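[1] build me a model:
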Amino acid sequence: MDSFGDNIRQRHEHEGTFVHARVRQDEIGRIPLLRPVEQQVQIEHARRVALTVAASTCLHFERLEQFEEFFRRQRGVECDGGVQVRALRWTADRIGLVEWRQGVDANARRSTQTVDRALEICHAIAEVRTQGDTGPRLMLRHAASLQLHCAVVSAPPTLPPTLVSAPPTLPPELRSAVPGPRSHALARRLAAVESRNVTCLDPGPVFWERAAGANVWDVDGNRYVDLTAAFGVANVGHAHPRVVEAVADQADRLLHAMGDVHPADVKVALLEELARRFPGGGDCRTVLGSSGSDAVESALKTALLATGKPGVVAFKSGYHGLALGALDATWRPFFREPFSSRLPEATVFARFGDADTVLRAAHESPAEIGAVLVEPIQGRGGDRIPPHGFLTALRTLCDARGWLLIADEVYTGFGRTGRWFACDHEGVVPDLLCVGKGLASGMPLSACIGRNEVMDAWPASGGEALHTSTFLGHPPSCAAALASLAVIEEEKLVERAADTGAAALSHLRARLDATPGISDVRGQGLLIAVECEDPARSVGACARALADGVIVLASGDRGEVVSITPPLSIEPVALEHALDVVVEALCG
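    Coordinates of the predicted model:
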């Protein structure tokens with residue numbers, strides 16, 4: 001055995017389960033040792049990745065036949081002597097855990113983005129295995145032949161589910177001013193091409209480049225802790241390996257179908273899973289959409305068909321989206337007034353948390369009331385939690401009056417508040433349930449789910465659907481949702497949100513107790529709010545926290561609330577450290 005082989009032997013004795021392998025003649029990678037054998041191999045490609053990502057891909061090597069073929073075509077690689085070398089696909093690169101070696105790839109610049117060594121466990125990015133049961137074979141070399149200890153397997157290894165979770169949260173690391181020069185440059189370019197209403201450029205934003213778990217990296221290389229979950233979307237963490245893999249696998253098989261004519265099979269699987277999750281159980285049906293507004297539009301149309309009554313009671317400070325139907329039920333005048341001439345004005349508003357005001361509002365409605373639309377906990381309106389019993393009172397009132405109860409859980413659904421749905425805290429079963437955001441943990445998807453006797457107000461399709469869209473049941477989004485729901489269940493993220501949220505709320509209250517200008521610290525699960533008497537204080541605190549590497553947003557009608565809604569997968573210690581940054585920003 002030559003000196004390199006001797007080095008491998010020493011590595012194996014020292015590290016136990018890992019060995020080095022040379023790639024082409026000029027790179028060193030690492031591969032997991034499952035059954036040590038000595039053979040001559042030529043490994044085609046190597047990257048270094050975190051253990052969680054390597055594990056997630058190892059779990060599914062058998063399902064990656066088409067990706068292996070793609071990589072071989074892309075790189076002009078041939079398989080000699082029956083030995084296959086499988087490269088880790090795009091997953092790790094997309095979530096920013098890859099260290100490329102300089103000159104290997106066009107993305108080599110990422111090699112400068114160092115991952116903290118204390119948190120990085122390097123795994124192989126290639127698996128060497130034989131075709132069939134032929135056993136180890138000699139692979140014809142086209143570079144140098146080396147004696148190596150390698151892993152030869154006939155099936156993917158079985159790994160514990162914990163190895164497929166989101167990567168650990170890293171602390172903030174700032175390499176430039178915030179925003180940095182590249183963000184400023186992108187802001188200037190954006191200003192020239194985007195409607196000026198969309199992105200606020202004064203103060204300038206940071207432009208995200210990648211994200212993983214509860215971390216976000218901007219284009220200037222600054223690393224942040226994200227306490228927004230990107231508007232509450234990244235429930236299972238940004239770019240969770242299971243979700244990313246599900247999207248890539250589905251995209252390879254079927255990127256788009258004809259949702260209301262010739263649907264994808266994955267749409268059926270998702271609808272069945274949503275039916276299983278509907279509060280209170282029972283038979284239900286679903287209309288899929290792409291955004292929260294889509295789900296609310298579907299609910300309002302369903303209520304009209306089911307009751308024949310166009311009027312709706314919604315609540316002050318409520319937010320249900322900005323499409324015209326949903327906008328009519330959104331409270332804030334800022335959103336409504338520019339388009340008031342196009343709104344049906346079929347919605348009246350009651351005081352949130354006070355069921356007694358619902359009847360008074362209904363009596364003032366110009367249209368006969370058919371439904372009550374409520375967020376069980378208001379999100380964009382300031383993370384407002386109603387008194388316990390409020391939802392129960394609404395359910396009782398709707399039953400007595402023959403109204404439908406529509407629960408808008410676009411923000412609060414799928415574990416955010418420490419229950420699968422916020423209405424579960426009171427055991428209330430809505431007639432219609434609107435969900436989105438965290439449903440697919442990063443892909444655009446929403447749903448209006450309703451009891452059969454309500455949803456059956458829609459006529460059977462005769463070939464032309466009354467309510468549909470081109471991307472209804474988009475296959476990769478459905479696959480992402482199925483993966484996200486599985487992760488929430490397997491990683492017990494609902495329970496973790498309850499426990500982590502309670503600890504975070506206690507920590508914030510202790511730190512901000514008796515602080516002048518702080519009017520309330522409240523929360524349910526990982527939906528937490530710090531309300532300031534002066535909106536300028538909360539807005540300023542968000543800017544100062546960003547400058548220190550923690551992303552939070554202001555919410556509420558006046559921007560008076562610092563809203564804290566991190567990924568449900570964030571570790572309690574990491575969250576506490578990030579909250580300390582927010583506290584300092586509030587008190588600074």
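
[2] make it CA atoms for all contacts and neighbour counts henceforth
    OK.

[3] I figured D328 was touching E337, is that so?
    No - the pair D328 / E337 is not scored as a contact, 10.3 Å apart, by CA atoms under 8 Å.

[4] more neighbours: those two, which one.
    Each of D328 and E337 has its neighbours counted (other CA atoms under 10 Å); D328 has more, 24 against 11.

[5] the nearest residue to the more buried one once chain neighbours are set aside and T330, how far apart?
    Once flanking residues are discounted, D328 sits nearest to L343: 5.9 Å by CA to CA, 6 or more residues apart in numbering. Note on L343: its distance to T330, by CA to CA, to the nearest Å, is 11 Å.

[6] so for those two, which sits in the more crowded spot?
    Neighbours were counted for L343 and for T330 using other CA under 10 Å; T330 has more, 24 against 16.

[7] looking at that one now. What's its pLDDT?
    Per-residue pLDDT puts T330 at 98.

[8] which element, helix or strand, includes it?
    Using DSSP states H and E, T330 falls within no helix or strand.

[9] now it. Its backbone dihedrals?
    Phi and psi for T330, reported as degrees, to the nearest 10, are phi -90, psi 140.

[10] count of neighbours near E368?
    Using other CA under 10 Å, E368 is surrounded by 17 other residues.

[11] test my guess that it contacts K309.
    Yes - assessed by CA under 8 Å, E368 is found in contact with K309 at 5.6 Å.

[12] measure A514 to L508 for me?
    Applying CA to CA to A514 and L508 gives a distance of 12 Å.

[13] between these two, tell me which one has more neighbours.
    Using other CA under 10 Å, the more surrounded residue of A514 and L508 is L508, with 20 against 10.

[14] just for the chain, where's the confidence low?
    Across the chain, the stretches falling below the confidence threshold (pLDDT under 70) are 1-164.

[15] repeat that with 50
    Counting by pLDDT under 50, the chain contains low-confidence ranges at 1-5, 7-163.

[16] which residues does the residue lying closest to A367 once chain neighbours are set aside contact?
    Spatial nearest neighbour of A367, chain neighbours left out: G311 (4.8 Å); criterion: CA to CA, 6+ apart. By CA atoms under 8 Å, 6 or more residues apart in numbering, the contact set of G311 is 346-348, 365-371.

[17] select the longest helix from the chain.
    Assignment by DSSP state H gives helix 493-512 as the longest helix of the chain.

[18] so what does that one touch, helix or strand wise?
    If contacts are counted by 3 or more CA pairs under 8 Å, 6 or more residues apart in numbering; DSSP states H and E, helix 493-512 sits against strand 518-524, strand 527-532, helix 572-587.

[19] can I get it as PDB, trimmed to CA atoms?
    Provided in PDB are the C-alpha atoms of helix 493-512 (Å, rounded to 0.1, in the frame of the first residue of the first chain):
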ATOM      1  CA  LEU A 493     -42.600  20.500  15.700                       C
ATOM      2  CA  VAL A 494     -46.000  21.200  17.000                       C
ATOM      3  CA  GLU A 495     -45.000  20.200  20.500                       C
ATOM      4  CA  ARG A 496     -41.600  21.900  20.100                       C
ATOM      5  CA  ALA A 497     -43.300  25.100  19.100                       C
ATOM      6  CA  ALA A 498     -45.400  25.000  22.300                       C
ATOM      7  CA  ASP A 499     -42.400  24.300  24.600                       C
ATOM      8  CA  THR A 500     -39.900  26.600  22.800                       C
ATOM      9  CA  GLY A 501     -42.500  29.400  22.600                       C
ATOM     10  CA  ALA A 502     -43.400  29.200  26.200                       C
ATOM     11  CA  ALA A 503     -39.700  29.400  27.200                       C
ATOM     12  CA  ALA A 504     -39.100  32.300  24.800                       C
ATOM     13  CA  LEU A 505     -42.100  34.200  26.100                       C
ATOM     14  CA  SER A 506     -41.000  33.800  29.700                       C
ATOM     15  CA  HIS A 507     -37.500  35.000  28.700                       C
ATOM     16  CA  LEU A 508     -38.800  38.100  27.000                       C
ATOM     17  CA  ARG A 509     -41.100  39.000  29.800                       C
ATOM     18  CA  ALA A 510     -38.300  38.700  32.300                       C
ATOM     19  CA  ARG A 511     -36.000  40.900  30.200                       C
ATOM     20  CA  LEU A 512     -38.600  43.500  29.400                       C
END
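
[20] now it and helix 572-587, what's the angle there?
    Angle of helix 493-512 versus helix 572-587, following axes from the mean of the first three to the mean of the last three CA atoms, to 10 degrees, is 40 degrees.

[21] all good on my end, thank you.
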